[in-house]
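Trainee: Sequence and predicted model, in that order:
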Amino acid sequence: MINRVGVVGGGQMGGGIAEVCAKAGLDVVVQEVSAELAAASQGRIEKSLGKAMERGKLSEEERDSALGRMVFGTDLAAMHDRDLIVEAVVENEELKKTLFSQLDEIVKSTDAILASNTSSIPITRIAQATSRPESVVGLHFFNPATVMPLVEVVRSVLSSDEVVEQAAAFATDQLGKVVVHAKDRAGFIVNKLLVPYIIDAIVMYEEGFASKEDIDAGMVNGAAHPMGPLTLSDLIGLDTMLFVAESLFEEFREARYAPPPLLKRMVEAGLLGRKTGRGFYDYSS
């Protein structure tokens with residue numbers, strides 16, 4: 001049974017994972033790279049829990065208890081006693097490898113699980129940065145983690161059966177998530193299917209085939225999707241979309257994963273979707 005969870009990276013994904021764990025009654029430590037980012041992460045989670053209380057999904061006591069189970073800081077050494085650590089930093093392979101190498105030195109228990117929330121990078125590459133690759137697994141939550149039920153459990157060729165089973169049981173039994181098991185190929189299940197769909201929508205818009213509003217409305221009203229592909233790409237973050245597309249194209253060398261020129265231009269111009277309020281749709285307007 002996992003009782004102590006560490007989350008490295010308290011952004012939208014990491015903060016959501018931390019909140020889910022705290023609401024499940026777990027002791028949670030969140031680490032960021034600066035005091036300002038740690039405070040921002042805490043503020044977002046407090047706001048999220050407050051909204052849940054206002055909607056009647058949490059009592060005031062449950063909100064206060066969840067907040068009381070979380071600690072925010074900037075010292076990675078605070079992860080030393082964790083049963084499970086979930087890395088949720090930006091999609092940058094070298095950064096993730098560096099973090100896992102550091103965690104390998106910091107985490108004392110040989111039974112601890114080191115997990116990555118990566119959406120595209122093969123887990124084997126990350127695991128090889130540690131001396132315990134059998135303890136490394138992918139735990140890919142979906143945004144927002146507080147709402148989306150799915151977690152992809154990704155087994156690398158080096159992951160032990162016991163670690164995979166423990167990770168899956170944690171997600172299902174302790175967090176109440178729905179688990180799917182994926183092989184360790186870039187994109188896993190969901191993004192391997194989703195990214196070409198979003199790329200096609202971006203190309204369709206770029207070529208003037210249809211307006212962004214009509215593309216999105218078509219998929220919402222014609223395919224029963226909760227949101228259209230361009231709205232979804234803004235939500236994911238266009239820089240993340242570009243990185244994931246590049247990772248998939250690098251691994252599979254298939255044209256359907258090639259990042260569209262428009263996506264590259266938007267990222268270069270700082271149009272990053274939810275991260276800046278400016279993407280295919282201008283959230284600030």
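Mentor: Received it, and whenever you're ready, just let me know what you need. Numbers count the residues shown, from 1 in each chain.
Trainee: can you give me the strands in this structure?
Mentor: Secondary structure of the chain (DSSP state E): strands at 4-8, 27-31, 70-73, 84-87, 113-116, 136-141, 150-155, 178-183.
Trainee: need those in TSV with mean pLDDT, can you?
Mentor: Output for those, formatted as TSV (pLDDT from 0 to 100):
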stretch	mean pLDDT
strand 4-8	98
strand 27-31	98
strand 70-73	97
strand 84-87	98
strand 113-116	98
strand 136-141	98
strand 150-155	98
strand 178-183	97
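Trainee: now these in CSV, with mean neighbour count?
Mentor: Every C-beta, even on glycine, is put in place using the N, C-alpha and C of the backbone. Compiled in CSV, the strands of the chain are given as follows (neighbours: other CB atoms under 10 Å):
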stretch, mean neighbour count
strand 4-8, 27
strand 27-31, 24
strand 70-73, 19
strand 84-87, 24
strand 113-116, 28
strand 136-141, 26
strand 150-155, 22
strand 178-183, 14
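Trainee: Looking at those, which is nearest to residue 241?
Mentor: Minimum separation from residue 241 across the strands of the chain (CB to CB) falls at strand 136-141, 15.5 Å.
Trainee: Run the angle between that closest one and strand 178-183 for me.
Mentor: 130 degrees (axes from the mean of the first three to the mean of the last three CA atoms, to 10 degrees).
Trainee: Packing partners of strand 136-141?
Mentor: The contact analysis (3 or more CB pairs under 8 Å, 6 or more residues apart in numbering; DSSP states H and E) places strand 136-141 against helix 12-23, strand 113-116, helix 123-127, strand 150-155, helix 161-169.
Trainee: Go through those and pick out the most buried.
Mentor: With neighbours defined as mean count of other CB atoms under 10 Å, these peak in mean count at strand 113-116, which reaches a mean of 28.
Trainee: Kindly export that strand (C-alpha atoms) in PDB.
Mentor: C-alpha atoms of strand 113-116 as PDB (Å, rounded to 0.1, in the frame of the first residue of the first chain):
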ATOM      1  CA  ILE A 113       8.400   3.300  -7.300                       C
ATOM      2  CA  LEU A 114       9.800   6.000  -9.600                       C
ATOM      3  CA  ALA A 115       7.100   7.000 -12.100                       C
ATOM      4  CA  SER A 116       7.000   9.400 -15.000                       C
END
